[in-house]
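1. 3D, please:
(6 chains)
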There are 6 protein chains.
Amino acid sequence: MTRITVINPNTSDVLTETIGAAARQVARGGVDVVAVRSPVGVETVESHAEEAIAAVGVLEQVRLHDQETDAFVIACFGDTGVAAAREVASGPVVGMTEAALQAACLISHRFAVITMPTRTIAHTERVVRSLGLEHRVSVHAVDVPVHELETGTSHLLDVFAAEGRRAIEQDGAEAVVLGCAGLADLVDPLTEALGVPVVEGVAAAVGFAAALLAMGLGTSRASTFAAVPGLPGFGLVEEVGR
Amino acid sequence: MTRITVINPNTSDVLTETIGAAARQVARGGVDVVAVRSPVGVETVESHAEEAIAAVGVLEQVRLHDQETDAFVIACFGDTGVAAAREVASGPVVGMTEAALQAACLISHRFAVITMPTRTIAHTERVVRSLGLEHRVSVHAVDVPVHELETGTSHLLDVFAAEGRRAIEQDGAEAVVLGCAGLADLVDPLTEALGVPVVEGVAAAVGFAAALLAMGLGTSRASTFAAVPGLPGFGLVEEVGR
Amino acid sequence: MTRITVINPNTSDVLTETIGAAARQVARGGVDVVAVRSPVGVETVESHAEEAIAAVGVLEQVRLHDQETDAFVIACFGDTGVAAAREVASGPVVGMTEAALQAACLISHRFAVITMPTRTIAHTERVVRSLGLEHRVSVHAVDVPVHELETGTSHLLDVFAAEGRRAIEQDGAEAVVLGCAGLADLVDPLTEALGVPVVEGVAAAVGFAAALLAMGLGTSRASTFAAVPGLPGFGLVEEVGR
Amino acid sequence: MTRITVINPNTSDVLTETIGAAARQVARGGVDVVAVRSPVGVETVESHAEEAIAAVGVLEQVRLHDQETDAFVIACFGDTGVAAAREVASGPVVGMTEAALQAACLISHRFAVITMPTRTIAHTERVVRSLGLEHRVSVHAVDVPVHELETGTSHLLDVFAAEGRRAIEQDGAEAVVLGCAGLADLVDPLTEALGVPVVEGVAAAVGFAAALLAMGLGTSRASTFAAVPGLPGFGLVEEVGR
Amino acid sequence: MTRITVINPNTSDVLTETIGAAARQVARGGVDVVAVRSPVGVETVESHAEEAIAAVGVLEQVRLHDQETDAFVIACFGDTGVAAAREVASGPVVGMTEAALQAACLISHRFAVITMPTRTIAHTERVVRSLGLEHRVSVHAVDVPVHELETGTSHLLDVFAAEGRRAIEQDGAEAVVLGCAGLADLVDPLTEALGVPVVEGVAAAVGFAAALLAMGLGTSRASTFAAVPGLPGFGLVEEVGR
Amino acid sequence: MTRITVINPNTSDVLTETIGAAARQVARGGVDVVAVRSPVGVETVESHAEEAIAAVGVLEQVRLHDQETDAFVIACFGDTGVAAAREVASGPVVGMTEAALQAACLISHRFAVITMPTRTIAHTERVVRSLGLEHRVSVHAVDVPVHELETGTSHLLDVFAAEGRRAIEQDGAEAVVLGCAGLADLVDPLTEALGVPVVEGVAAAVGFAAALLAMGLGTSRASTFAAVPGLPGFGLVEEVGR
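-> Numbers count the residues shown, from 1 in each chain, chains lettered A, B, ... in the order given. Predicted coordinates:
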């Protein structure tokens, strides 16, 4: 049995459940998915300041669950804490943003990310640029606060569909990436509304993490992501997380 | 049951078997892998001219097996025919090069591709540039003809290890991508020799194709990869392939 | 006497004649231009799958005419088969796309390509990216099937002019590249309609090939485009081409 | 009187003093410089995990000193926390890395960063790429742990000079950026040893922050760096910092 | 006492005064600013041909004032003559364009330049590309001739505000750079009109030049900007300038 | 009869003759080549300051010969004055650097420029970046002053061959561009010594200019290179040139 732990970097139980459900839906043959969250921290991640706080929570969860898991998925669009988690986790770590962008590359020539708060466009662009995908992606936003996801996604279908149509017409987008965790329920209706594939990043990250595990691949320890010997103990980080 | 068909674009039975074995090793939970090859065409793909001929063979195999498969993997470093196959196949198509590069991104900051004939460096660079990864990859070659793979890979370990060490020292590579199909047997000994993860592209492509299938994702038909209505029938292409 | 052979990669006699006429118009001082086409293959090239088939036809024509020609021009927007042809031809090979883009760079700061089917925008972008010209070119499409060219181009003037005006206003284009072979008759009326230079790629490729010949320059055999020793004989390829 | 607060993101008193001294040396006409540090956190920042923890400490210091300061300088090569600090601080925030790279651009065509632990090359490359300077910078490392700076820098002159010479000879570097805070004492001897300008980032950041203040410029609140309304109170963050 | 000489590359006394006043407003603690102009040359710089003539005038002013100044600022958007001036001046030379772009990077994620004649967009793009900032800047123009600045800037507020709003809405610009010298009076009203920071390049260049001086940094003489031994004497250049 | 005027931007009669001879060698069918030089200015162009002075001389020659010529070629590696000349000349203007780089793209995958003084590498890189060719070119220098060309090129064969071999081995260069005017005599012996094509930029520029003329293409007047109405008369510029 292989276990993938999905870390929700905010403190919402509702979103943790939604994310876990989305992740489990793509788990295949012997892959067990568990979703966890930071006990304390920020309710949603919509700014660099919240990313900074959430990253420490992500690190804490990695340390808490490292023994019992084979791989981690970080379920925050913008991939906060992913590089740090790679240094701490024993197995591979996949960010939902990088996985979503890579999956979209495999099924389309050009595509769009539709993120939620406009101010987080910069967060997506950071991952896009780190992967070198500026020439294939355009980044849009519906400008809705993330906490609206707590009450479900169906009321968001129209704004996502409108923004998706804009991306298709203006940018020639041939697929759409959902730019936030917790939007899995939008995949089917949005696919139908837009007529192009819709990529959900948590699912992509779980699928790609499972692929890495099947290949026996883990994070390189050669240099950038080598283990960090003197990292402060749980004493400090648990304070953040409780 | 989900089927992934791996297409070896050259005519070697030995390499088709090696590739199929590598692919099956990463197949998990309900994924069935079949490896096929062009009946006629080129013995190995080491030039743009051979790529051109092989691409037609790839297309033919896609058409022959499309009904009985859920996804295709194209097992040729350089991804010849992948874009064309996307237009013809009903399900997703993953190239071994793009998948290998993406997998390497998930486990390392910088990495190197080690391909076989030096003249094919340009083929790898084409895929690297299409994905925008120039800033993370360096491309090396051992300058050995591909047909040497017919007699196994163990005699190649030393040259791959030497080139890998060069990439690690000179370019700061933290992982190595094997730049040719049929090299799966090198993964373990090379990992041990170099101390960094070694990525095999056929395995990566099978893993990522399985992930796409689990997510229900297929090639976008919106524009670039829409079906091609007037494509000449099997009459023509079978001539090439027989 | 210097001969440049222009290869039309589709099977249309009408287009072969149009292309030949356009090519001959720029031939100067001792340059003889011949236009040939694949005997069989695809009627038009509007997809990656058709590009794959057409590339083999291009290769065949190169082999058939290599002895009697000094240079080749490949008259297909997207430059399918150009890299392969460089390996096989004794003299230089110029693609109409690369030549058109380079010519446009010499007469304007920013410019636009107007191609025909929208789905082939990706083909143009491939050449643009290979040359590194993303910062100077925008790619547009009139979304008309290529076979319409068989009955001439005058009915297309209005759509090209409308798209050209859009490129001038929106992107600051200062010149327009015709993104398809067979459009030479549009150069004069479109120049007049738009007030900016209009570049026809077949003419550009013939002019640049003549320049290479005058300089005594041919394809480098050092590595990427070295001759391909074991390429399958005419037996196979002639089947495709007849 | 204008005050610039320099935040040392690690917990070393020695380094805080060194950094403060370096900063004060470039303060001119009415600029008062204060150097502070996180009360708890990491002793040095040499990994992404330490960056994550340090970023929260940076944020805390910004909140503690925001009322009494006009601008902040973040004195950590890699600029951890700078984007987050921009959202929280009332005045402008300048990272030592971005300022050092910009200063080097004003006095040289190509230059090199020499950082300390090799594993942090990726951190520098992140800032380089965010600024788009890949074509002008090469990144080197002496591979010495940061804590060695606690006992001064004179024993490091030789390794920095050797690496600097390598950058000058191999990459054509015409200036050198010191890739770590706390190295100000190396500026003069290294300038003499190498014969090219040596840029110290804390000084550059203080100088540029003073320039922004003189111009009346502060962080744009339009979108990316707008204030963060629901950021958790000092209760949480102080835990991290104590 | 430190002196920064601001060179206005055109021959307008009015603009020289405006530019000098803008520069003096940011001079702090012991920095003395002097503004000079070419005695003859072009009235405004709105083309590459005028840039060529103006560059020689810039060079002449550098030679005339080099002994009595510590640093130069070149007050022409497009930075004509800056590289040449670096070779001739004893102290550092800062172009208003590069300084403005760098300052904007420190306070915003994305920003726009609004230049005056549309034809000079290419001049701004040249500096943007030299710094590698294409991913963060969009370049706009109000298409007003530069000589209109002789009668002040207040009649230009509306067109700049309109273009600024377009940049904010269409490109997500979070700050605006004034793309011409002589516009300092627009900073305050435009900031108010747009609600985003407005960057004036002469002020930025003076501030950054002062920072370089405080750090003791001058142009690297290692290679690109080494002194030019055989440069023709004042005899020639003075002809141009008189 | 079509006339192309080649402008040597320095004042050497010897080099003007060498350049003219090289240019005439590629002139075909009805193309007449004339080589001219600035009457006064700089003896060689090896710095930005000399480029600035030479650019005005180039402009003057364009104005003097515009009536009697169909196109101009600027024979200075670095293409100083080319953009300005485009605004002033009635016909097309081709720089030797851009033409050489484009010709090399048509015959090789990767190539190297070998320029003369090391300090001018930055000048070549400026044109490379303007064309977007960083991924295909590496720039080398033999570090020999340009005036050595006055006594011929045969004594330079060895250093060029040594540097060429370095480019072939280290960078995988498959062709070499001579990075200075006046080196045409090196083409044949260097081609033989290196076994790769050697591109001479003046010849390439003449060939490409002839191609533009045959196509009826001239500089776009739409925006960037529109005519410059108020350019100071010959009174000023002739002073520079005498």
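
2. going forward, measure contacts and count neighbours with C-alpha atoms only.
-> Will do.

3. Tabulate the CA atom coordinates of stretch A:135-143 in PDB.
-> In PDB, the C-alpha atoms belonging to stretch A:135-143 read as follows (Å, rounded to 0.1, in the frame of the first residue of the first chain):
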ATOM      1  CA  HIS A 135       4.700  31.200 -23.800                       C
ATOM      2  CA  ARG A 136       1.900  28.800 -23.200                       C
ATOM      3  CA  VAL A 137      -0.100  30.100 -20.300                       C
ATOM      4  CA  SER A 138      -2.200  33.200 -19.700                       C
ATOM      5  CA  VAL A 139      -3.300  33.900 -16.100                       C
ATOM      6  CA  HIS A 140      -6.800  35.200 -15.400                       C
ATOM      7  CA  ALA A 141      -8.700  35.800 -12.200                       C
ATOM      8  CA  VAL A 142     -12.400  35.900 -11.200                       C
ATOM      9  CA  ASP A 143     -11.600  38.100  -8.200                       C
END
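
4. So for that stretch, what gets flagged as buried?
-> A:135-142 (16 or more other CA atoms under 10 Å in any protein chain shown).

5. what's the answer for stretch A:169-179, then?
-> A:171-179.

6. In strands, which of those residues appear?
-> With DSSP state E as the criterion, strands contain A:176-179 from among those.

7. Format these as CSV; extra columns: pLDDT and distance to chain C.
-> Formatted as CSV, these follow (pLDDT from 0 to 100; distance: CA to the nearest CA, whole Å):
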residue, pLDDT, distance to chain C
A:Val176, 98, 17
A:Val177, 98, 20
A:Leu178, 98, 23
A:Gly179, 97, 24
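
8. would a markdown table of these with distance to chain E be doable?
-> Below are those laid out as a markdown table (distance: CA to the nearest CA, whole Å):
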| residue | distance to chain E |
| --- | --- |
| A:Val176 | 20 |
| A:Val177 | 20 |
| A:Leu178 | 20 |
| A:Gly179 | 18 |
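
9. and the helix or strand containing A:Val58 with chain D, contact?
-> Following DSSP states H and E, one finds A:Val58 within helix A:48-65. Yes - using CA under 8 Å from any CA of the partner chain, helix A:48-65 reaches chain D at A:48-50, A:52-53, A:55-56, A:59.

10. which of these count as buried?
-> By 16+ other CA under 10 Å, the residues of helix A:48-65 next to chain D give A:48-50, A:52-53, A:55-56, A:59 as buried.

11. can I get those in a markdown table with pLDDT and distance to E:Glu68?
-> Output for those, formatted as a markdown table (pLDDT from 0 to 100; distance: CA to CA, whole Å):
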| residue | pLDDT | distance to E:Glu68 |
| --- | --- | --- |
| A:His48 | 98 | 47 |
| A:Ala49 | 97 | 47 |
| A:Glu50 | 96 | 51 |
| A:Ala52 | 96 | 49 |
| A:Ile53 | 95 | 52 |
| A:Ala55 | 96 | 53 |
| A:Val56 | 95 | 54 |
| A:Leu59 | 95 | 57 |
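
12. Could you single out the nearest of the residues you listed to F:Cys105?
-> The closest of these to F:Cys105 turns out to be A:His48 (CA to CA; 43.4 Å).
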